[in-house]
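Colleague: Here is my input; please provide its structure:
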Amino acid sequence: MQHISRSQLFSKTLTQNIRSFVSGNLITSDYVFRDQYGNSHSSRDIFDNKKVVVFGIPGDNPTDTFHHIPSFVKSSGKIYGKADSIICLQNSDVPILRAKSMSLDPKRTIGFLQDPASKFAEDNALCENENLNQGTDSPVPEYKRFALIVDNGRIVFESVEKNVDEWNHTDAETILKKL
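Modeller: The predicted structure follows:
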């Protein structure tokens, strides 16, 4: 019989329970997101009666700029053939959202939304270590890189990268295979 230490058992339990939702669960809370213009949108407005592709990015990371976001921009036509909208979710400030949208998606095929207090990400274990944000003294949770397919408020697919520099499990091609 293999002996498992108390810390190993705790660690194993923690990793098994870290996901607060899985495919099949409903997004029940009414979260409020802000777009690149500062307008508010509720999760009900975004997800009810729609199939939505949501991908989350850690923030200012070269992987976002050169790989992850461009994969969705390039594949947006194919995704829109199977889904109603594509949302890039992050906790960056609104001006940063606008700059990313203008520079990485000039045709505006993706909705860039801010999770202002990282409530959605925290409630769903989609963020990790907290860092001091520019211009604040308060720590801000850092988003994990993730992708979801939400059908009428129900999560039908989820994937979370283990490393901030990886995108192979959450890119547009992966999502297209699951739509």
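
Colleague: so who does Asp151 touch?
Modeller: The neighbourhood of Asp151, defined by C-beta atoms under 8 Å, 6 or more residues apart in numbering, consists of 51-52. In this view, the C-beta of every residue, glycine as well, is placed from N, C-alpha and C.

Colleague: One more pass at 10 Å, please.
Modeller: With contacts taken as C-beta atoms under 10 Å, 6 or more residues apart in numbering, Asp151 has the following neighbours: 47, 49-52, 83-84, 157, 179.

Colleague: Backbone dihedrals for Asn39, please?
Modeller: Main-chain torsions, Asn39, degrees, to the nearest 10: phi -80, psi 140.

Colleague: I'd assumed Val94 was in contact with it.
Modeller: Yes: using C-beta atoms under 10 Å, Asn39 is in contact with Val94, at 9.4 Å.

Colleague: overlap in contacts of the two?
Modeller: Common neighbours of Asn39 and Val94 are listed as Leu113 (criterion: C-beta under 10 Å, 6+ apart).

Colleague: What is the neighbour count of the closest residue to Phe33 other than its chain neighbours?
Modeller: In space, Phe33 comes closest to Leu113 once its chain neighbours are excluded; the distance is 4.1 Å by C-beta to C-beta, 6 or more residues apart in numbering. Under the neighbour criterion other C-beta atoms under 10 Å, Leu113 is assigned a count of 25.

Colleague: List the strands paired with the helix or strand that contains Leu113, with their directions.
Modeller: Secondary-structure element containing Leu113, defined by DSSP states H and E: strand 111-114. Paired neighbours of strand 111-114 in the sheet (DSSP bridges): strand 32-35 (antiparallel), strand 85-90 (parallel).

Colleague: got those as a markdown table, with distance to Gly77 and mean neighbour count columns?
Modeller: Listed next are the strands paired with strand 111-114 as a markdown table, based on distance: least, C-beta to C-beta, whole Å; neighbours: other C-beta atoms under 10 Å:
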| stretch | distance to Gly77 | mean neighbour count |
| --- | --- | --- |
| strand 32-35 | 22 | 18 |
| strand 85-90 | 11 | 22 |
